[in-house]
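Asks: Okay, predicted coordinates and the sequence, questions at the end:
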Amino acid sequence: MARISIDIVDGGGRWEARDGTRVVGRLRAVTRPDRRVFLSFADCRDDAYAPLLERAATELRRSPLYAWVNERDEVTRRQLAGLGFVVSRREHAYRIPVDPSRFRLSDAGPPPGIAVVSAADADLDRLRLLDDTLRGRTPGTEGWRWRPSEFREETFSDGFHPATYQVAVEERTGAYVGLVRLWMKATGPRFGCVGVLPAWRRTRVTYALLAAVFREVHRLGHTEVTGEIDATNRASNAIAARAGAVRVGGFYELVHGARSRPAAVTVGP
C-alpha cells in the first residue's frame with residue numbers, strides 16, 4: 001500500500017487519512033465536560049488507524065484517549081486493540097416499551113413532598129448542578145462539569161421536549177433531587193440521563209419520573225424508547241428489566257494510554 005498522509009480538517013479536531021487523493025480514513029476528537037477526549041474513527045482502511053491515532057495524539061497532547069466501539073464491530077475493536085487500546089467499560093443497549101398496558105410502573109406517582117416539573121420551567125443553574133452531581137456518581141462520567149453556556153445549549157438542543165425532560169423537586173426546600181432526560185430524536189425517543197440523589201433512592205422518585213415521560217412518549221405515538229446503561233450499574237439495569245426492556249446490543253469504551261490498566265471487563269455477548 002502507498003504511504004498515507006494525514007490532513008487536518010476544518011481547523012482542528014478532525015483528520016483525514018489519504019492515499020494520494022483518496023480518503024481512506026477519518027478521525028474526530030471530542031472533548032467532553034469531564035475533560036475526557038473521545039476519538040471516533042470512521043471509514044478506515046486497515047492501515048489508516050495507526051497514522052490517524054499518531055497524528056491526533058501528537059496534536060492533542062492528551063492522555064489517556066478514549067473511543068467507543070459497537071460490540072458487533074469486531075474489526076474496529078481488533079484494530080484499536082492492536083494499537084494499545086484496552087476495554088475500560090461496557091454498556092448494554094436496550095429497547096424499552098412505553099405502552100401503559102405493558103409498562104408496570106405506568107401509574108407511579110411521586111412520594112409525598114416531591115413535585116415533578118419540566119426542565120423548561122426549571123432554574124437552569126440548579127438543574128446544571130444536579131446534572132453534574134448525578135454524572136459524578138455514574139460510571140464513565142466522573143468529574144463531569146458543565147459550563148453554563150454549554151449546558152443551556154445542550155438542554156435546549158435538537159430533540160428537547162418539555163414533557164420528556166422532567167425534574168423532581170423537594171417541595172419543602174426547593175432542592176432538585178432527580179431528573180429524567182429523554183430526547184425526542186428524528187430516529188425515535190432516546191434516553192439521555194436518569195438519576196436521583198442517594199437520599200431519594202428507593203422512594204418512588206425514579207419510577208414517578210419514568211412514568212411521566214413514558215406516558216408522554218406513548219401519547220406522541222411511540223411504542224418504545226432506546227438507551228444505554230453501564231453493565232455494572234445493577235440498580236439501573238434492574239429498573240430497565242422491570243420496565244420490560246430488551247437488550248439489543250451494546251458498546252465498549254476503550255482507553256489508550258491509561259496510567260494503570262483498567263479493571264477487567266468481560267468481552268463477549
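Replies: That came in fine, so what should we check first? Residues are numbered from 1 along each chain as shown.

Asks: When you work out contacts or count neighbours from here on, use the C-alpha atoms and nothing else.
Replies: OK.

Asks: Longest helix in the chain, by number of residues?
Replies: helix 205-219 (DSSP state H).

Asks: Tell me the helices and strands packed up against the helix or strand just after that helix.
Replies: The C-terminal neighbour of helix 205-219 among helices and strands, as given by DSSP states H and E, is strand 224-230. Helices and strands touching strand 224-230, by 3 or more CA pairs under 8 Å, 6 or more residues apart in numbering; DSSP states H and E, are strand 86-97, strand 188-196.

Asks: Touching strand 224-230 from outside, list them.
Replies: Applying CA atoms under 8 Å, 6 or more residues apart in numbering, the contact partners of strand 224-230 are 89-99, 139, 188-192, 218, 236-237, 250.

Asks: Which parts of the helix or strand of the chain with the lowest mean pLDDT count as buried, going by neighbours?
Replies: Of all helical and strand segments in the chain, the minimum by mean pLDDT, DSSP states H and E falls on helix 234-242, at a mean of 86. Buried positions in helix 234-242, judged by neighbour count with 16 or more other CA atoms under 10 Å: 236-237, 240.

Asks: Distance to E224 for those - can I get that in TSV?
Replies: Shown next, in TSV, are the buried residues of helix 234-242 (distance: CA to CA, whole Å):
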residue	distance to E224
S236	17
N237	16
A240	12
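
Asks: if we can go back for a sec, how about the helices and strands packed on strand 224-230, which one is nearest A122?
Replies: A122 lies closest to strand 188-196 among these, at 15.9 Å (CA to CA).

Asks: Show me what the closest one is packed up against.
Replies: With 3+ CA pairs under 8 Å, 6+ apart as the test, strand 188-196 has strand 176-185, helix 205-219, strand 224-230 packed against it.

Asks: Mind doing that once more with 10 Å?
Replies: Using 3 or more CA pairs under 10 Å, 6 or more residues apart in numbering; DSSP states H and E, the elements in contact with strand 188-196 are helix 124-136, strand 165-170, strand 176-185, helix 205-219, strand 224-230.

Asks: do you know which of those lies nearest S40?
Replies: strand 224-230 (18.1 Å).

Asks: got the angle for the closest one vs helix 234-242?
Replies: Strand 224-230 runs at 160 degrees relative to helix 234-242, counting by axes from the mean of the first three to the mean of the last three CA atoms, to 10 degrees.

Asks: Strand 224-230 versus strand 188-196: what angle between them?
Replies: For strand 224-230 against strand 188-196, the angle by the same axes, to 10 degrees is 50 degrees.

Asks: what about strand 224-230, average pLDDT?
Replies: When pLDDT is averaged over strand 224-230, the result is 95.

Asks: now stretch 160-179
Replies: 97.

Asks: Tell me the buried residues in it?
Replies: 160-170, 176-179.

Asks: Tell me the one of those residues nearest P112?
Replies: Among the buried residues of stretch 160-179, E170 lies closest to P112 (CA to CA), at 9.2 Å.

Asks: Could you report the distance from that closest one to T164?
Replies: Distance of E170 to T164, given as CA to CA, to the nearest Å: 19 Å.

Asks: now do R35
Replies: Using CA to CA, one obtains 28 Å as the distance from R35 to T164.

Asks: Same check on E216?
Replies: Distance from E216 to T164, by CA to CA: 7 Å.

Asks: now swap in D132 and tell me
Replies: When distance is defined by CA to CA, D132 is 19 Å away from T164.

Asks: now the helices and strands packed on strand 188-196 in a markdown table, with distance to R45?
Replies: Shown next, in a markdown table, are the helices and strands packed on strand 188-196 (distance: least, CA to CA, whole Å):
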| stretch | distance to R45 |
| --- | --- |
| helix 124-136 | 35 |
| strand 165-170 | 40 |
| strand 176-185 | 31 |
| helix 205-219 | 41 |
| strand 224-230 | 29 |
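
Asks: nearest to R3, of the ones you listed?
Replies: Once these are compared by CA to CA, strand 224-230 is nearest, at 39.3 Å.

Asks: Distance from the chain centre to the closest one, please.
Replies: Offset of strand 224-230 from its chain centre (CA atoms, centre = their mean, to the nearest Å): 9 Å.

Asks: What of stretch 197-212?
Replies: Relative to its parent chain, stretch 197-212 has a centroid offset of 20 Å by CA atoms, centre = their mean.

Asks: Can I get that stretch in PDB? Just the C-alpha atoms.
Replies: Only the C-alpha atoms of stretch 197-212 are listed here, as PDB (Å, rounded to 0.1, in the frame of the first residue of the first chain):
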ATOM      1  CA  LEU A 197     -29.700  11.700  44.600                       C
ATOM      2  CA  PRO A 198     -28.800   8.900  47.000                       C
ATOM      3  CA  ALA A 199     -31.100  10.200  49.800                       C
ATOM      4  CA  TRP A 200     -34.100   9.800  47.400                       C
ATOM      5  CA  ARG A 201     -33.400   6.400  46.000                       C
ATOM      6  CA  ARG A 202     -35.900   3.700  46.800                       C
ATOM      7  CA  THR A 203     -38.600   6.300  47.300                       C
ATOM      8  CA  ARG A 204     -40.500   6.000  44.000                       C
ATOM      9  CA  VAL A 205     -38.900   9.200  42.600                       C
ATOM     10  CA  THR A 206     -37.200   7.400  39.800                       C
ATOM     11  CA  TYR A 207     -40.400   5.500  38.900                       C
ATOM     12  CA  ALA A 208     -42.500   8.600  39.000                       C
ATOM     13  CA  LEU A 209     -40.200  10.400  36.600                       C
ATOM     14  CA  LEU A 210     -40.100   7.500  34.200                       C
ATOM     15  CA  ALA A 211     -43.800   7.100  34.300                       C
ATOM     16  CA  ALA A 212     -44.300  10.800  33.500                       C
END
